[in-house]
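[1] Predicted model follows, preceded by the sequence.
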Amino acid sequence: MKRAGPLKALISDQKECVIVKLRFTLISLAAMSLSLAACGDYSPTQTTTTVPPTPALAAPTRTIVMVWDGMRPDDVNATDTPNLYAMKTGGANFSDNHSTYPTFTMMNSSSFASGSFPKTSGFYGNTFWTPPQGAANTIPVGKSAAGANQDYQDPVFTEDYAVLTTLNTYYGGQLLLVKSLFATAQANGVVTATIGKSGAAYLQDLNQGGYFLDENTAQPRSLVTELQAANIALPVNTTFNYSSTTSPVTLSATNGSPTARAGYVTFNTAAYDPNGVIPIAARDSTDATQGAPEDAANKYMMSVFTSYILPKKLPMLSLIWFRTPDNVEHGYGPGTANEKAGLRSQDARLGELMAGLKANGLDTSTNIIVVSDHAHSSVSGPTGLYPLFTINASPTAPNGAIVNGATSGTSAASLGAASATGFSFSGDVRSADLLTYRGFQAYDGNGCSTSAMYGLSATGTPTVPVKLDAAGTLCGAVGAKYQAVSSTLGTPVASFKVPAPGSLPTNGVVVAANGGSDYFYVPSHDPATIANLVKFLQRREEYGAIFVDSRYGAIAGTLMMSQVNLENATRLNNGQPDIVVSFNWDDTVMVQGKPGIEFESAGGQRGMHGSFSPIDVHNTLIAKGPSFLNTTITVPSGNVDVAPTIAYLLGLIMPQADGRILNEALVVPSSKSTPAVAASSVAPTSAATGLSFELPTDPTGVTKDATKTVGSYSIALAVKDLTVDGKTYRYFDYAKAVRQ
Ligand SMILES: [Zn+2]
């Protein structure tokens, strides 16, 4: 599956001409002959000045997409992000941009790659299940980027180039069912470069037709040779990528580990043990020593781009995806000291990109598009049930080693008193545990685990107490700690690993726990199991809007997955979930000065995304450069629109994409028609009735919510329909569970 390096070398000198030729072929033969005559002395740095503008197509213009993972639009300001703030005030700011739901990284990575929703692309990241759902189906087999055997019996996390390569093979080279932006560009001779976050960057160039560097490897093999010859270090896992080839990679003695990343700083608390003895780790959100743990890795990757790939390869299309601020938001929560440090370092990377363009004389001829995959919320249950708590800051630095410039380890912080200005210790939900307790046979593959985010009441009572598996019978390891209400059953359960292929119970449920939304797979597709599962989700107040595969028909109080672009016939029974549920959210509650809370799949995070809240959905999109107007765009736009717009900027088209060209922001639009926008709300055909609602504070379901007595559950899906040039594009603002 490795790309052919020599072919690239053969065409690299002619690629700019090919673009120009393609453009003019569409216009007239006479124009084409003119363009061919100009190709002999064509200079890539003068693209926008050597090609006369036409009303039909934009002049191919060098474009760089910089993805700020998890960047909230309300974090753009002159203090923390001065470079991005200057782009916002001096360029095109999209004030109503929409992340693709579920608002995960890899889901939006696929939207950036394909300009499409899962209904078209067939991709269901972050974590999904490629299951042995029948005797004829086999499980994928392969390694991870770190060289280990990858588990595919349990749901798989796709932020890994080796996993994506294995899955692409498993799906016959069709992991993305749409010809991507990068594949379209490369087919027309455009040089591309992709840099950054594991998995998210790689999916852009799945077919490996361009230059690539992420946290694990570099491609093609010739680029590895070039970087080593230039004394540039490589990610240490690069060796695994080439270990089975005829040209394995040996790192130099001074290579080091330029993409190493510290874990989060934590402190120990025994608050989850009713006896106050067993400690578990909690995130130290008061820490201000670490900053963004990936800071040095990002700086390294940006440096390779600006000092080597940009000047040597002159890519016309580049995408640089850094995991900041998302990674620090997960670790400590939006609004915290480390998150703000992350914003400042990410903005410094943008400054380095701008300086790199200027140093190469490319600054005035290059478009920069800054976009986030999604925004970010604080993890918390309702503050009426779960108060925020102070953390008493550590007087000493954390005890771990310095990793690539960042502190690590355990601090001496401690849990303090309830306080409205404190931090959350609630919001975690383990669906497989709650379902198992209620009689379902449910698995998430995540094993025994602990989290300090399962919830502490105002009096300090833990919702899910921590226990020790003294004999190792529940967790498979003597002395393992776990939290699981199903451990109190007659046949206790705490691990939830997926049974081996062929041994899943008849109506077993596999949960792909994803953060702000969960996927439920019911391989039997038994309608009664689906109906019971829906009722369970409607009763439990941790869950928000519920979407069910339309094969089950209309189910009261649910919307069909097709109504939010989540059904794909090619992936039916092979990757597409049966039910997708957003966790419940509240966009008005503030934590650390930032609005927006949500429940999450248990993981101990202080920040999360993936839900259908308006906070997670509304993300950052700002563009500046010769192709963009200086304007604020108030009509809706979306992450699916980014690829078709870039294709247009390169003189290309993506006919399979769901998104549109964002003409309202362009100096030379493909159409000058004015879009019409209509907002409305979509609801299920009928509400579910006769329900009693269960409080999150009691995972057994016994304690009901006395404030909601009507017993009905429905959904409000807020949409905006944008109609332009005879086509209508639907944007989703939020989906909210309505319990009465
Ligand atoms: Zn994230």
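    Sure thing, it's come through.
[2] And for the closest residue to Leu504 other than its chain neighbours, the neighbour number?
    In space, and not counting its chain neighbours, Leu504 is closest to Pro523: 6.4 Å by C-beta to C-beta, 6 or more residues apart in numbering. Placement of C-beta: from N, CA and C, glycine included. For Pro523, the neighbour count with other C-beta atoms under 10 Å is 20.
[3] what helix or strand does Pro523 sit in?
    If you go by DSSP states H and E, Pro523 is not part of any helix or strand.
[4] So what's the predicted local confidence for it?
    Pro523 is assigned 92 on the pLDDT scale.
[5] Could you report the neighbour count for Asn546?
    In this structure residue 546 is Ile, not Asn. Close neighbours of Ile546, defined as other C-beta under 10 Å, add up to 25.
[6] Whichever strand or helix holds it: how far from the chain's middle?
    Secondary structure assignment for Ile546, by DSSP H and E: strand 543-548. Mean-position distance between strand 543-548 and its chain equals 20 Å (C-alpha atoms, centre = their mean, to the nearest Å).
[7] those helices in the stretch 151-300 of the chain, which residues are they?
    Using DSSP state H, counting those that start in this stretch, the helices of the stretch 151-300 of the chain run over 161-170, 181-187, 221-229, 238-242, 295-304.
[8] er, the stretch 1-150 of the chain I mean
    Using DSSP H, counting those that start in this stretch, the helices of the stretch 1-150 of the chain run over residues 5-12, 15-25, 29-37, 47-50, 82-90, 105-114, 118-121.
[9] Please name whichever of the helices of the stretch 151-300 of the chain is nearest to Phe628.
    Comparing the helices of the stretch 151-300 of the chain against Phe628 with C-beta to C-beta, the closest turns out to be helix 181-187 (17.6 Å).
[10] Tell me the buried residues in that closest one?
    Leu181, Phe182, Ala183, Thr184, Ala185, Gln186 (16 or more other C-beta atoms under 10 Å).
[11] Spatially nearest residue to the second one (excluding sequence neighbours)?
    Closest residue in space to Phe182, ignoring its immediate chain neighbours: Asp205 at 4.6 Å, by C-beta to C-beta, 6+ apart.
[12] How about the fifth one?
    Beyond its immediate neighbours in the sequence, the residue positioned closest to Ala185 (C-beta to C-beta, 6+ apart) is Leu317, lying 5.0 Å away.
[13] For the one you found, what are phi and psi?
    Leu317 has phi and psi values of phi -130, psi 120 when expressed as degrees, to the nearest 10.
[14] Could you do Val371 as well?
    Here Val371 shows phi and psi, under degrees, to the nearest 10, equal to phi -140, psi 150.
[15] what about it, how many neighbours?
    Residues near Val371, counting by other C-beta under 10 Å, number 23.
[16] For Ser121, see how far away it is.
    Per C-beta to C-beta, to the nearest Å, Val371 is found 17 Å from Ser121.
[17] follow-up on the earlier one: looking at the buried residues of helix 181-187, which is nearest Glu159?
    Of the buried residues of helix 181-187, the one sitting nearest to Glu159 (C-beta to C-beta) turns out to be Phe182, at 18.0 Å.
[18] what about Phe425, which helix or strand?
    Under DSSP H and E, no helix or strand contains Phe425.
[19] Got the phi and psi for it?
    Torsion angles, degrees, to the nearest 10, at Phe425: phi -130, psi 30.
[20] Tell me who's in contact with it.
    Ala271, Ala282, Tyr386, Leu388, Phe389, Leu415, Ala452, Met453, Gly455, Leu456 (C-beta atoms under 8 Å, 6 or more residues apart in numbering).
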